[in-house]
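Here is my input; please provide its structure:
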Amino acid sequence: MSYIRLGFFLFTFSLSFNIAPHKLKILCGTVINTMDTILVGGLRLP
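Numbering: from 1, shown residues only. From the prediction side, this is the model:
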């Protein structure tokens, strides 16, 4: 599972060089929000 997650982050990181800075900010915010949702939902934290 961790290898899949690592691969996803590497893929996103490599894509970041081909995306305009303002779109990169939106993408990073979306990824962070998604990870927060997964962690909070998966761990049942408040």
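
For the helix or strand containing residue 30, name the packing helices and strands.
Following DSSP states H and E, the helix or strand that holds residue 30 is helix 21-43. Helix 21-43 is packed against helix 2-16, with contacts defined by 3 or more CB pairs under 8 Å, 6 or more residues apart in numbering; DSSP states H and E. Placement of C-beta: from N, CA and C, glycine included.

who touches the helix it packs on?
Helix 2-16 has contacts (CB atoms under 8 Å, 6 or more residues apart in numbering) with 24, 27, 28, 31.

Could you report the pLDDT at the first one?
Spelled out, that is residue 24. pLDDT, residue 24: 74.

how much space between residue 6 and residue 13?
10 Å (CB to CB, to the nearest Å).

wait, I meant residue 35
14 Å.

higher neighbour count, these two?
residue 35 (12 against 9; other CB atoms under 10 Å).

how near is that one to residue 15?
16 Å.

ditto for residue 38
20 Å.

One more: residue 4?
Taken as CB to CB, the span from residue 4 to residue 15 is 17 Å.

Looking at the two, which has the bigger crowd around it?
Set side by side, residue 4 and residue 15 show more neighbours around residue 15, with 11 against 8, by other CB under 10 Å.

All good on my end, thank you.
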